[in-house]
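**Student:** what follows is a predicted protein model with its sequence.
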Number of protein chains: 4
Amino acid sequence: MNDISQLTQALLQFRNEREWEQFHNPKDLALAISVEAGELLELFLWKNPEDANKEKVKEELADILAFSFLLAEKYGFDVKEIVLEKIAKNAEKYPIEKAKGTAKKYNEF
Amino acid sequence: MNDISQLTQALLQFRNEREWEQFHNPKDLALAISVEAGELLELFLWKNPEDANKEKVKEELADILAFSFLLAEKYGFDVKEIVLEKIAKNAEKYPIEKAKGTAKKYNEF
Amino acid sequence: MNDISQLTQALLQFRNEREWEQFHNPKDLALAISVEAGELLELFLWKNPEDANKEKVKEELADILAFSFLLAEKYGFDVKEIVLEKIAKNAEKYPIEKAKGTAKKYNEF
Amino acid sequence: MNDISQLTQALLQFRNEREWEQFHNPKDLALAISVEAGELLELFLWKNPEDANKEKVKEELADILAFSFLLAEKYGFDVKEIVLEKIAKNAEKYPIEKAKGTAKKYNEF
C-alpha cells in the first residue's frame, strides 16, 4: 500500500473511532479545508515571507492535507492521479514559452 | 520513490521549467492554498452537501494538494511524517471516550 | 459625518496610536480579511446553519468589517459607492427574470 | 436613515426580488464571505503589495461588504455598534504601551 493510502487509512480509523463520519459530508470537509487554510495564512500575517513559525506551519499544513485526503476519499479520487492530471492540464494552460518567468494568469497572456 | 515524492518531483519540474521558483515563497504559497480553498468552497455555495460538481471538486482539490506539497517541500517537511504526527497529537486532544459522536472542539469538552 | 466614515476614523485612530500603519499594506489587509473570514467560517463547521455561537459570530464579523473598511480607506474607496455600484453591476448579471428562485451562477443561465 | 441601513435595504431588495432569501442562511452567508475573501486574495497572489488591480479590488471588496451586511442583518446586528464594540475590546487586548510598533499577537506579549 502506498503512502497516501496509508495516511488515508490512518485518518479514516481516527475518524471512525470517534464516530465522526456523520459530520464529514463533502461541504463541511471543504469548509474545514478553508478554515485550516486560514489558520495557515494567519502565521504569515503582517510578516515577511520567511518569518512564519515553522512548527506551526507544519501543524496547519498537516491539517489541510488531512482534510484534503479525507475529501478525496469521500469522492473516491486517487490523489496521485488527480494531481498528475492537473499538472497535465496546467501544462496546456501555461505552455513553457509563454509562462516562463511570469506570474501572469493564463487568461492574461 | 514513494507517491508523494513522485508528485513533488513532478510539481517541482513543472515549476522550474517555467522559472516560477522566484514567486513561490512560503507566504505566497500559503496564500495560494487559501485562494484554491476558496475556489473549492465556492462549488458548495448555496448548495446541499452532495450537490457540488464532482469534476470541478477534483480540480480544485488537486490545486490545494499541489500547493500543499510544494509548501511542504519548501520547508523540508515529509508529508507522511507530519500528517501522522498530527493524527497522534489530535488523538491526545480528542480522546475517544470524550470525542465520540460529538463535533465539539477539544476546548469545549 | 456618516456612519462608515466615523467607523473608519475610529479604526484609523486605533491603528495610528499603535503605529501599525507600517504593517497595513493592501496585501496584508486582504490576507487579514481572509484570516478573519476563516475564523467566522469555523463557527459553522460541522453544524447546522443556525447553530453557530451568536456572540462569536458578532466578533468575527466585526473583524471582517474592520479590515474591509481599512482596505477601502487605503485605496480611497467610498464604501457606500462601491457597494451600490456592485449591486447595479449584479443586477445586470442577474436579471430578475432569469435569476428568480435559482442559485445558479450567471454563467450557468 | 444612515448609510449602512441604506446599503442593507438595497441589498435586501436585490435579494428579495430574486427570491434568494431561501439560500441565504447564516452558514452559506459565512461561506460566501470566505469565497469572496479568497477572490480578493487572489488579486495579490505572487505580487508585491501595491500591484493588485485596483478596479478588481474594488469589486471583490464590495462583495465581501455586501455579504457581511447581509449576515449582520440576518442576526439583527447593528454594524456600527459591533465594530465599535470590537475596537473597545481590542483596545484592552492591545494596550498602546505594549502594542506600539509591533505586530505581535496579544498572547505573545
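**Tutor:** It's in.

**Student:** residues of the helix ranked longest in chain A that come out buried?
**Tutor:** Longest helix of chain A, by residue count under DSSP state H: helix A:54-75. The neighbour-count check on helix A:54-75 (16 or more other CB atoms under 10 Å in any protein chain shown) flags A:57-74 as buried. Heads up, the C-betas are built off the backbone N, CA and C, glycines and all.

**Student:** just the mean pLDDT for that helix, thanks.
**Tutor:** Average pLDDT, helix A:54-75: 98.

**Student:** who are the packing partners of it?
**Tutor:** helix A:3-17, helix A:26-42, helix A:79-93, helix B:26-42, helix B:54-75, helix B:79-93 (3 or more CB pairs under 8 Å, 6 or more residues apart in numbering or on different chains; DSSP states H and E).

**Student:** give me that answer again for 7 Å
**Tutor:** helix A:3-17, helix A:26-42, helix B:54-75, helix B:79-93 (3 or more CB pairs under 7 Å, 6 or more residues apart in numbering or on different chains; DSSP states H and E).

**Student:** and these as a markdown table, adding distance to D:Ala88?
**Tutor:** What follows is these, written out as a markdown table (distance: least, CB to CB, whole Å):
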| stretch | distance to D:Ala88 |
| --- | --- |
| helix A:3-17 | 41 |
| helix A:26-42 | 23 |
| helix B:54-75 | 37 |
| helix B:79-93 | 33 |
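
**Student:** quick one: contacts of the longest helix of chain A?
**Tutor:** With CB atoms under 7 Å, 6 or more residues apart in numbering or on different chains as the test, helix A:54-75 has contacts from A:4, A:7-8, A:11-12, A:24, A:26, A:29-30, A:32-33, A:36-37, A:39-40, A:43, A:79, B:33, B:54, B:57, B:61, B:64-65, B:68, B:71-72, B:75, B:77, B:79, B:82-83, B:85-86.

**Student:** only whichever of those are buried, select them in ChimeraX.
**Tutor:** Applying 16+ other CB under 10 Å to the contacts of helix A:54-75, the buried members can be selected in ChimeraX as follows:
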select /A:4,7,8,11,24,26,29,30,32,33,36,37,39,40,43,79 /B:33,57,61,64,65,68,71,72,77,79,82,83,86
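
**Student:** ok, stretch A:8-27 near chain D or not?
**Tutor:** No - Stretch A:8-27 stays clear of chain D (CB under 7 Å from any CB of the partner chain), getting no nearer than 8.5 Å.

**Student:** and that stretch, what's buried?
**Tutor:** Neighbour-count burial for stretch A:8-27 [16+ other CB under 10 Å]: A:Thr8, A:Ala10, A:Leu11, A:Phe14, A:Arg15, A:Arg18, A:Trp20, A:Phe23, A:His24, A:Asn25, A:Pro26, A:Lys27.

**Student:** the residue lying closest to the fourth one once chain neighbours are set aside - how many residues pack around it?
**Tutor:** So the one you mean is A:Phe14. Closest residue in space to A:Phe14, ignoring its immediate chain neighbours: B:Ile87 at 5.5 Å, by CB to CB, 6 or more residues apart in numbering or on different chains. Using other CB atoms under 10 Å in any protein chain shown, B:Ile87 is surrounded by 16 other residues.

**Student:** from B:Tyr94, how far off is B:Ile87?
**Tutor:** Per CB to CB, to the nearest Å, B:Ile87 is found 10 Å from B:Tyr94.

**Student:** what does chain A have sitting close to chain C?
**Tutor:** Counting by CB under 7 Å from any CB, chain A sits next to chain C at A:23, A:28, A:31-32, A:34-35, A:37-39, A:41-42, A:45-46.

**Student:** want to try CSV for these, with pLDDT and distance to C:Lys98 as columns?
**Tutor:** Rendered in CSV, the data for the residues of chain A next to chain C read as follows (pLDDT from 0 to 100; distance: CB to CB, whole Å):
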residue, pLDDT, distance to C:Lys98
A:Phe23, 97, 36
A:Asp28, 98, 31
A:Leu31, 98, 29
A:Ala32, 98, 34
A:Ser34, 98, 29
A:Val35, 98, 34
A:Ala37, 98, 33
A:Gly38, 98, 34
A:Glu39, 98, 39
A:Leu41, 98, 36
A:Glu42, 98, 39
A:Leu45, 98, 40
A:Trp46, 97, 43
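
**Student:** could you look up the SS state of A:Phe23?
**Tutor:** coil (DSSP: H, G, I helix; E, B strand; the rest coil).

**Student:** surely it meets B:Lys104?
**Tutor:** No - between A:Phe23 and B:Lys104 there is no contact under CB atoms under 7 Å: 10.7 Å.

**Student:** which residue packs closest to A:Lys98, ignoring adjacent ones?
**Tutor:** With CB to CB, 6+ apart, the residue lying closest to A:Lys98 is A:Phe109, at 5.0 Å.

**Student:** what residues are up against the residue of chain A found nearest chain C?
**Tutor:** Closest to chain C within chain A is A:Gly38: 2.1 Å, counting by CB to the nearest CB. By CB under 7 Å, 6+ apart, the residues touching A:Gly38 are B:Ser34, C:Ser34, C:Val35, C:Ala37, C:Gly38, C:Glu39.
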